[in-house]
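**Student:** just to be clear, the model below is a prediction. Sequence and coordinates:
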Amino acid sequence: MDEELHMTTVLALYIGFVISTVSIRWAGGEVSGRLEGDGPHGVVLAHGAGTNQDHRVMVALRSGLASAGLRVLTFNYPYSERGSKSPDRRERLVECHRAAADVLRGAVDTVFLAGRSMGGRMATYLVAGGYPSAGVILYAYPLHPPGKPEALRVDHFPDVTVPLLFFQGTRDSLSRMDLFERHISTLPNATVEILDGASHSLTGGGWSEAAMLQHLSDRSASWIGGESSGRRVAIRP
């Protein structure tokens, strides 16, 4: 696939960090991105199905990771760029995700993929197809559609050989815990943190949204630091 990648920088300030607006182009279209932070390790952070890169959760995660010394790129999928709530077909989402990752690859030494719900799922499809990534972080992986636990989204995981970090709530309606423990926790390359009482939004169980997002940022940065140095970091509740 021919890809034309173009970057335009617009200076803005958010909690002391410069945010660059990035234009992500590929053969199938163009979307916008936001680039924040600096450092040798990069994170491509993808949004979930019902939001976009400017949702408060995405902004907080991006800034939290950036404050930990990471270079972080968020982006819109094509449907969210045009203001729609209906996600594009999977192939188009993955093509866009690949183009966004290619933008960051040119600016850092190592690239990690991360995603909220659907965004994390698309990241796993991307690496299952052979995309070079140092690892994938999944914030509330949607193991199955709501109310359809029989429709498991696990067939591609044997092709995912990079390290995986899962943050999973015990009350997530898109990930029944017995199925998560059976199909995800047993993956040989998976590190899992179970968030007791948290829902698919990763709130609940005594966590405020702000405290949870700070926790996710801190734990993710620690894991990235360990994987980048070859020193596996244990994640414990």
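**Tutor:** Nice, thanks for sending it over.
**Student:** phi and psi next, for Ala99.
**Tutor:** phi -60, psi -40 (degrees, to the nearest 10).
**Student:** how much space separates it from Leu187?
**Tutor:** 27 Å (Cβ to Cβ, to the nearest Å). The way it works is simple: take the backbone N, C-alpha and C, and place the C-beta from them, glycine included.
**Student:** and what of Glu36?
**Tutor:** For Glu36 relative to Leu187 (Cβ to Cβ), the value is 30 Å.
**Student:** between the two, which is the more surrounded one?
**Tutor:** Glu36 (23 against 15; other Cβ atoms under 10 Å).
**Student:** pull out the buried positions in the lengthiest strand in the chain.
**Tutor:** Longest strand in the chain, counting residues (DSSP state E): strand 17-26. Across strand 17-26, burial judged by 16 or more other Cβ atoms under 10 Å covers 19, 22, 24, 26.
**Student:** which among these gets closest to Phe75?
**Tutor:** Of all these, Phe75 sits closest to Ile24, with 5.8 Å by Cβ to Cβ.
**Student:** what separation do you get for the most centrally placed residue in the chain and Ser229?
**Tutor:** Nearest to the mean C-alpha position of the chain, by Cα atoms, centre = their mean, lies Gly115 at 1.6 Å. For Gly115, the distance to Ser229 equals 23 Å [Cβ to Cβ].
**Student:** what's the weakest-modelled helix or strand in the protein?
**Tutor:** strand 13-14 (a mean of 38; mean pLDDT, DSSP states H and E).
**Student:** now do the SS call for the residue nearest to Phe157 when sequence neighbours are not counted.
**Tutor:** Spatially, and ignoring its direct neighbours in sequence, Phe157 is nearest to Leu187 (6.1 Å; Cβ to Cβ, 6 or more residues apart in numbering). Of the three states, Leu187 takes coil according to DSSP: H, G, I helix; E, B strand; the rest coil.
**Student:** so what's Leu187 scoring on pLDDT?
**Tutor:** On pLDDT, Leu187 comes in at 97.
**Student:** pretty sure it is touching Asp159, no?
**Tutor:** No - between Leu187 and Asp159 there is no contact under Cβ atoms under 8 Å: 11.8 Å.
**Student:** who touches both of the two?
**Tutor:** Contact with both Leu187 and Asp159 is made by no residue, according to Cβ atoms under 8 Å, 6 or more residues apart in numbering.
**Student:** spit out the contact partners of the residue lying closest to Arg105 once chain neighbours are set aside.
**Tutor:** Sequence neighbours aside, Val111 is the residue nearest to Arg105 in space, at 5.2 Å (criterion: Cβ to Cβ, 6+ apart). The contact partners of Val111, by Cβ under 8 Å, 6+ apart, come to 42-44, 101, 104-105, 132-134.
**Student:** quick one, grab the pLDDT at Val111.
**Tutor:** pLDDT, Val111: 98.
**Student:** return the set of residues that bridge with it.
**Tutor:** Listed by DSSP bridges, the beta-bridge partners for Val111 are Gly42.
**Student:** same deal with Glu30?
**Tutor:** Arg25.
**Student:** name the residues of the lengthiest helix in the chain that are buried.
**Tutor:** Longest helix of the chain, by residue count under DSSP state H: helix 209-229. Residues of helix 209-229 classed as buried: 212-213, 215-217, 219-221, 223-224, 226-228 (neighbour count, 16+ other Cβ under 10 Å).
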